[in-house]
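J.: This is a predicted model, with the sequence first.
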Amino acid sequence: MKSLRILAFVVVIANVCLAQNEMTKTENALRELDSKLSEALSKGDPAALDQILGDDYVEVDSRGLMTGKTDLMALVRARAAAPPSKSVGPEVTIDDTKLRTYGDIAVLVGRTTTRYQFMEYQTVPGASTPAPESVIQERFMKVYAKRVGRWQLIASMKTAIAKQ
């Protein structure tokens, strides 16, 4: 009887360890995918973006506007084709993230901080001060779904953080 209890305890511990290992693998894969998403957006890589976004992707931005995959793909293609802008950056950092998985659905929340400077300010004759830095902070929520064995972003929402 005692050996059955020990065996049952060992089986339970092994299952917990396996589940934790699987959760870590899933979390790492999702964080890597989200990093690839940021890279595809910043570099203007429509091929990578097409793989990451689900065909039914929907986004609500910080102004409350709703767009879909087609809109985002067009924006990324336009950015990739546009001449370089006259700004420094933007420098985007992501922090304060939390990831929760619910089977084949995952929710990632966090904060983005975007910093940039406009160069025209520095080209004004007689300007001796550096360009003012603009900083925008937003909270985000992204919903990923595992479809046909791979994760895809299916929804996202951003909310502006008020300047204090």
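T.: Happy to help now that I have it. None of these values were measured; they are calculated from a predicted model.

J.: Going by C-alpha atoms from here, please, whenever you check contacts or count neighbours.
T.: Fine.

J.: The most centrally placed residue in the chain: which element?
T.: Centroid-nearest residue in the chain, with Cα atoms, centre = their mean: residue 34, separated by 4.5 Å. Counting by DSSP states H and E, the element that carries residue 34 is helix 2-43.

J.: quick one: least confident helix or strand in the protein?
T.: helix 2-43 (a mean of 71; mean pLDDT, DSSP states H and E).

J.: right, and the helix or strand after the helix holding residue 34?
T.: As assigned by DSSP H and E, the chain's next helix or strand after helix 2-43 is helix 46-52.

J.: outside of the helix or strand just after that next one, which residues touch it?
T.: Following helix 46-52 in sequence order, the next helix or strand is strand 53-60 (DSSP H and E). Strand 53-60 is contacted by residues 65-69, 152-158 when judged by Cα atoms under 8 Å, 6 or more residues apart in numbering.

J.: biggest separation within those residues, which pair?
T.: The span of these, defined through Cα to Cα, is set by 65 and 152 at 21.5 Å.
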